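Engineer: Fold the following for me, if possible:
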Amino acid sequence: MTYGLMPNSDYKTMDKVLDILCGEFVNEVLMTLEIGVHQGNTSRGIRNYIKSKGRLNNHTGIDNQRDFKMESPFTECNFIIGNSMEVAFKIPDKSQHFLFIDGNHSYPMTMVDFLLYSDKIKDGGYIAFHDTGAHIKPCVDFQGIGDMDDPDMWIACRKGLEKLGLLKNEFKGWKLILDEWSEELHTGGIVLIQKDNIIQLYETYMQIQ
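Structural biologist: Alright, predicted model coming up:
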């Protein structure tokens, strides 16, 4: 499956991520959300992969159209135009099984998107971040906000995840599942985290007692 502007290694990781998602929520319509739709290839890739597994998918895409104006990536998509931090209220809490954060990759916006949208994820659900590879050098691809002399305003997703403690399981309620990248491109890489399933934690606790 193809997913847009990412190296082939990320395509394989995305397939793996969606397999994990399908395996976690076996009998549900999979609710997926993407921040940063761009040309819509990743939204279509997510929808097509889930459908290829015989599963139903309800997909929402958010894009501020800063790069260019575009139509909804496919007919059934719930397409929201606006900055992610301004339209978060349109997504109900605990409504999504999976969120792919691929919008503004600056240091502050990576953290803002996580903090604003983490409550939108169902218990046991997942968030994936793109362009998180440890190989990405400073000052790659200016993100269009802040000062160009500030390296944090270029691709700095990994620094944001490190600050939040998500790469070392230090953010309560979330655990790291995948952290994969390849040096075939100067960008790319995907980090996948999972939200604690409160019911499973309670059942495990009761078994220990």
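Engineer: All the helices of the protein, in order from the start?
Structural biologist: Ranges of helices in the chain, per DSSP state H, are 8-24, 41-52, 84-87, 107-117, 157-164, 198-208.
Engineer: so can I have TSV of the ones you listed showing distance to Trp181?
Structural biologist: (Each C-beta comes from the backbone N, C-alpha and C, glycine too.) Below are these laid out as TSV (distance: least, Cβ to Cβ, whole Å):
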stretch	distance to Trp181
helix 8-24	7
helix 41-52	17
helix 84-87	23
helix 107-117	15
helix 157-164	9
helix 198-208	29
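Engineer: Lowest-scoring secondary structure element of this structure by mean pLDDT?
Structural biologist: helix 198-208 (a mean of 53; mean pLDDT, DSSP states H and E).
Engineer: just to revisit the earlier point, mean pLDDT lowest for which of the helices of the chain?
Structural biologist: Note on the helices of the chain: helix 198-208 shows the lowest mean pLDDT, a mean of 53.
Engineer: biggest strand in the protein, by residue count?
Structural biologist: strand 121-130 (DSSP state E).
Engineer: Quick one: work out the angle between that one and helix 107-117.
Structural biologist: For strand 121-130 against helix 107-117, the angle by axes from the mean of the first three to the mean of the last three Cα atoms, to 10 degrees is 160 degrees.
Engineer: Which residue, neighbours along the chain excluded, lies closest to Ile80?
Structural biologist: In space, Ile80 comes closest to Ile62 once its chain neighbours are excluded; the distance is 4.8 Å by Cβ to Cβ, 6 or more residues apart in numbering.
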